[in-house]
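Q: With the sequence up front, the predicted model follows.
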Amino acid sequence: MDIFDTETAIIGMVHLPPLPGAPDFAGDRGAIRERVRRDAAALEAGGVDGIMLENFGDAPFYPDRVPRHTVADVAALAATLGECVSIPFGVNVLRNDVRSALGIAAATGGTFVRVNVHTGARVTDQGLIEGTAHETLRLRERLDADVAVLADLDVKHSAPLAERPLEESLGDLVERGGADGVVVSGAGTGESVDTDLLARVVDCRDDRGFDVPVLIGSGVTPATASDLLELADGAIVGTALKQGEETTSPVDEAAVERLVRAVP
């Protein structure tokens, strides 16, 4: 992948604790900054190729635009992340505020964003979420930002509004929506990806001649990495890299090293 200067990229997650304004915010911005520094350092030392910053602790999530104070906090933490590491990093603003993520990445040196619903529409616990590829790509042009858009095909914690053939959905995402990478996930956080679906996506990508990477968005572990990454071009990994394999726990550098060693 061009973004990471490697053929098989491992992107490690920095899951942010609840931020100010979220129901479970603990009242200490300084502690959150220190958590970002520690997690980022452990991920880089463990050998990942990139890092994704995400406001994971802010549930229940806003469906699209998050408040200004959330954008400000994520931007400040992204800047902190950028100061801590020398590898590429990106931003995901949940649930689907890719415009804020894009602006944050552009302002802080981030090189990619993840967007859960880029094209089409999905039924989620936040209600119906519709893709805004038309706005995202135009905003990137206005910002003159060299930021890649990694877009989910069948995002976790959701269901399609209407079933469509894979070939049409992938074509809309890449050809009509302009996604720079495709993310294929399991049904929920940390859950294994459907290997049959993953193989079909890769085959469809190749058959259509789309020059984009296919990334696994959940469920990769040291035990499964070798087989899964024979199919995919990389993975976004969170839960398997945490202490006790708990998504909200700090990053475990030894776990990062184990997963990185398992990459073919």
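A: Yep, that arrived. Numbers count the residues shown, from 1 in each chain.

Q: secondary structure element for Leu137?
A: For Leu137, the enclosing helix or strand under DSSP states H and E is helix 133-143.

Q: Please, where are all the helices along the stretch 1-150 of the chain?
A: For the stretch 1-150 of the chain, the helices defined by DSSP state H, counting those that start in this stretch cover 29-46, 68-84, 98-108, 133-143.

Q: Please identify the most buried of the ones you listed.
A: helix 98-108 (a mean of 23; mean count of other CB atoms under 10 Å). Placement of C-beta: from N, CA and C, glycine included.

Q: Show me what that helix is packed up against.
A: Packing partners of helix 98-108 (3 or more CB pairs under 8 Å, 6 or more residues apart in numbering; DSSP states H and E): helix 68-84, strand 89-92, strand 112-115, helix 133-143.

Q: make it 10 Å
A: Applying 3 or more CB pairs under 10 Å, 6 or more residues apart in numbering; DSSP states H and E, we find helix 98-108 packed against strand 50-54, helix 68-84, strand 89-92, strand 112-115, helix 133-143, strand 148-152.

Q: before we move on, the earlier item: quick one: contacts of the helix holding Leu137?
A: 98-99, 101-103, 105-107, 113, 115, 117-120, 132, 145-149, 151, 172-173, 176-179 (CB atoms under 10 Å, 6 or more residues apart in numbering).

Q: repeat that for 7 Å
A: Helix 133-143 is touched from outside by 98-99, 102-103, 106, 115, 118-119, 147, 149, 177-178, with contacts defined as CB atoms under 7 Å, 6 or more residues apart in numbering.

Q: Check stretch 79-88 too.
A: Counting by CB under 7 Å, 6+ apart, 3-4, 14, 33, 36-37, 40-41, 44, 49-51, 53, 89, 108-109, 111-112 sit against stretch 79-88.

Q: quick one: Ala240 and Val115, what's the gap?
A: 23 Å (CB to CB, to the nearest Å).

Q: Kindly apply the preceding question to Asp252 instead.
A: 28 Å.

Q: And those two? Which one has more around it.
A: Higher neighbour count among Asp252 and Val115: Val115, with 26 against 19, using other CB atoms under 10 Å.

Q: So the more buried one sits against Asp97, correct?
A: No - at 9.0 Å, Val115 and Asp97 do not qualify as touching, with contact defined as CB atoms under 7 Å.

Q: low-confidence ranges in the stretch 151-264 of the chain?
A: Regions of the stretch 151-264 of the chain meeting the criterion pLDDT under 70 are absent.

Q: and what of the stretch 1-150 of the chain?
A: Looking at the stretch 1-150 of the chain by pLDDT under 70, you get 1.

Q: and Ile236, that one's in a strand?
A: Yes - using DSSP: H, G, I helix; E, B strand; the rest coil, the assignment for Ile236 is a strand.

Q: Could you report the neighbour count for it?
A: By other CB under 10 Å, the residues close to Ile236 number 23.

Q: Name the residues linked to it by a beta bridge.
A: Ile11 (DSSP bridges).

Q: what's in contact with stretch 207-225?
A: Here stretch 207-225 has contacts from 1, 150, 152, 156, 171, 174, 179-186, 189-193, 198, 201-202, 205, 228, 232-237, 240, 258-259, 262-263, using CB under 7 Å, 6+ apart.

Q: ChimeraX command for the buried members of those residues?
A: A single ChimeraX command selects the buried members of the contacts of stretch 207-225 (16 or more other CB atoms under 10 Å):
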select :1,150,152,156,171,174,179,180,181,182,183,184,185,186,189,190,193,198,201,202,205,228,232,233,234,235,236,237,240,258,259,262,263
